[in-house]
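Undergrad: coordinates for the following, if possible.
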Amino acid sequence: QVQLVESGGGLAQAGGSLILSCAASGRTFRNYIKGWFRQPPGKEREFVAAITWSGGSRSYADSVKGRFTISRDSAKNTLYLQMNSLKSEDTAVYYCASGQKFSQNIRDYDYWGQGTQVTVSS
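TA: Below is the predicted model of the structure:
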């Protein structure tokens, strides 16, 4: 079993920055893919970014490309999402997830954190 705990959410102004963290514990499955998803108010959960645990490959949704950066610290079993140039449409609950396939498909992820709220005021 893998436990994922997000932190770092909160309120930011448009144009500002936030960094989210996701601490993994339990059977961390170091070869697993790690990803970030988000669920805006009244909408379905959507892909944000993914990274192989080696860090060799990254993938981003078009809506965040060039503004968000996904990274990981293998020694700390921690995943990060640096969010810059925030927009009001980035307001959502952000979830970290872990799966076996490098994918943007929510169905390919087996383990999920509880989510952290990010609110961007314009």
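Undergrad: let me see the ranges of the strands in this protein.
TA: Counting by DSSP state E, the segments of the chain that form strands are 2-7, 10-13, 18-26, 33-39, 46-51, 58-60, 68-73, 78-83, 92-99, 109-112, 116-121.
Undergrad: for the residue minimising distance to the centre of the chain, give the beta-bridge partners.
TA: By Cα atoms, centre = their mean, the chain has its centre lying nearest to residue 36, at 2.3 Å. Per DSSP bridges, the residues bridged to residue 36 are residue 49, residue 96.
Undergrad: show the contacting residues for it.
TA: Going by Cβ atoms under 8 Å, 6 or more residues apart in numbering, residue 36 touches 20, 22, 48, 49, 50, 70, 79, 81, 94, 95, 96, 97. For glycine as for every other residue, the C-beta is placed from the backbone atoms N, C-alpha and C.
Undergrad: what do you get if the cut-off is 10 Å, keeping everything else the same?
TA: 6, 20, 22, 47-51, 60-61, 64, 68, 70, 79-81, 83, 94-97, 113 (Cβ atoms under 10 Å, 6 or more residues apart in numbering).
Undergrad: one more: residue 120?
TA: Contacts here follow Cβ under 10 Å, 6+ apart; on that basis residue 120 touches 11-16, 18, 83, 86-92.
Undergrad: can you pick the most crowded of the residues you listed?
TA: residue 83 (26 neighbours; other Cβ atoms under 10 Å).
Undergrad: tell me what it is bridged to.
TA: Note on residue 83: beta-bridge partners by DSSP bridges are residue 18, residue 68.
Undergrad: and if you look at residue 25?
TA: Assigned bridge partners for residue 25, using DSSP bridges, are residue 3.
Undergrad: centroid-wise, who is the farthest residue in this structure?
TA: The centre of the chain is farthest from one residue, residue 122, which by Cα atoms, centre = their mean lies 22.2 Å away.
Undergrad: residue 106 versus that residue, what's the distance?
TA: 28 Å (Cβ to Cβ, to the nearest Å).
Undergrad: what's the neighbour count on residue 105?
TA: With other Cβ under 10 Å as criterion, residue 105 counts 10.
Undergrad: ok, back up a step: max pairwise distance over the contacts of residue 120: which two?
TA: For these, the farthest-apart pair by Cβ to Cβ is 15 and 92; their separation is 17.3 Å.
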